[in-house]
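J.: Give me a model of this one.
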Amino acid sequence: MTHPTRRRFIGIVAASSALALAPSLLRRAHAAIAPTRWQGVALGADAELRLYHPDRRAAEQLIDRALRELRRLEGVFSLYREDSALSVLNRQGFLAAPPSDLVRLLSESRHYAQVTDGLFDPSVQPLWRMYADHFAQPGASPDGPAPADVARALAHVSYRNIDVDPQRIRLRPDMALTLNGIAQGYITDRVTDLLRSAGLERALVDLGEIRGLDASARAEGWRVGLADPLSPDRILAQVPVSNQALATSGGYGTPLDAAGRHSHLFDPHSGRASPRYRSVSVMASTATAADALSTAFSNMPLARIEALVHALGVRAWMVLPDGKLIAQGGGD
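T.: You can find the predicted model right below:
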């Protein structure tokens, strides 16, 4: 997952600024057990695990298990590793006997593509290649690739052309996938599920996307800061996270050009690389959902976001180009 495609930069942005877990903002009321903490790099981003377990040694063993699971899943979804299942699929155009996690996540990707009318689409990798090639050329037009080049790349973008079943995954010619708009959320969920299955009752998982686990379901949860994309040291809002997940997408951390006019958040309909918002954060019951929806909402009009927020029972925060924060859902 450390290849410089669209979601890798989202992870860096989410962990280091837009969803920063600042010590002053992250607290747990009436905590009876001090957390066992791990801090490091995961999925190419700063990461943290906080496990509330009365036995520190047992907590450390759970952290080791969680990190092994994370590395295993990186071996499925990474675009940086040539031997990952996803890299092999992109190179061959098909994959026999695919890992069950890849089948599952591609099925989830299709669901969120349908829900968002295709504004979440894992097949946008040809757009990344085209923009990267364009801006790598000396004297490249600051307006981006020519319309004809965009049209050629878009001809290979459609989630509907991904054939998935447990025995085989097949792509149409010249297609390529990236799961960087959803895989961080999926891995966050799998690690959280691992901890819950081991009997852990309280944990905070921050792998670029954030998920809280608390069997007591106390409403106050952890406080997470939403940072200002224009000034990441400034907090725009604080939101509680308890048995929920929070993800962010923002193009400001990953410009494709020196002027910062084009980012990795591609519109699968038009091929544009200039999202509508400086950042989008979504809170949902799972990190997979929050991740995919924050990606899709980046190129979605506010009215359509509002309709989906209420239909899906999620919350969303959009930072407009002028820096204004718009919140939707949860009573708004």
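J.: in the longest strand along the chain, what counts as buried?
T.: The longest strand of the chain (DSSP state E) is strand 231-241. Using 16 or more other C-beta atoms under 10 Å as the test for burial, strand 231-241 gives 235-236, 239, 241. To be clear about C-beta, it is placed using only N, CA and C from the backbone, and glycine gets the same treatment.
J.: pLDDT score for residue 214?
T.: Per-residue pLDDT puts residue 214 at 90.
J.: right, I mislabeled it, should have said residue 26
T.: 40.
J.: Quote the end-to-end distance of stretch 268-279.
T.: Terminal residues of stretch 268-279 are spaced 18 Å apart (C-alpha to C-alpha, to the nearest Å).
J.: coming back round to it: quick one: the buried residues of strand 231-241 as a markdown table, columns for pLDDT too.
T.: Listed next are those as a markdown table, based on pLDDT from 0 to 100:
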| residue | pLDDT |
| --- | --- |
| 235 | 88 |
| 236 | 89 |
| 239 | 90 |
| 241 | 90 |
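J.: Could you work out the most separated pair of those residues?
T.: The two members of these with the most space between them (C-beta to C-beta) are 236 and 241, at 15.9 Å.
J.: before we move on, back to that, can you list the strands that the longest strand of the chain pairs with?
T.: Here strand 231-241 is paired, per DSSP bridges, with strand 222-228 (antiparallel).
J.: can you map out the strands along the stretch 101-250 of the chain?
T.: 162-165, 168-171, 202-206, 210-214, 222-228, 231-241, 245-249 (DSSP state E, counting those that start in this stretch).
J.: Out of those, which is the most enclosed?
T.: Highest mean neighbour count among these (mean count of other C-beta atoms under 10 Å): strand 245-249, with a mean of 30.
J.: which of the buried residues of strand 231-241 lies closest to residue 255?
T.: Using C-beta to C-beta, residue 236 is the member of the buried residues of strand 231-241 that lies nearest residue 255, at 21.1 Å.
J.: hang on, the earlier thing: of the buried residues of strand 231-241, closest to residue 59?
T.: Distance to residue 59 across these (C-beta to C-beta) is lowest for residue 241, with 20.1 Å.
J.: Thank you, goodbye.
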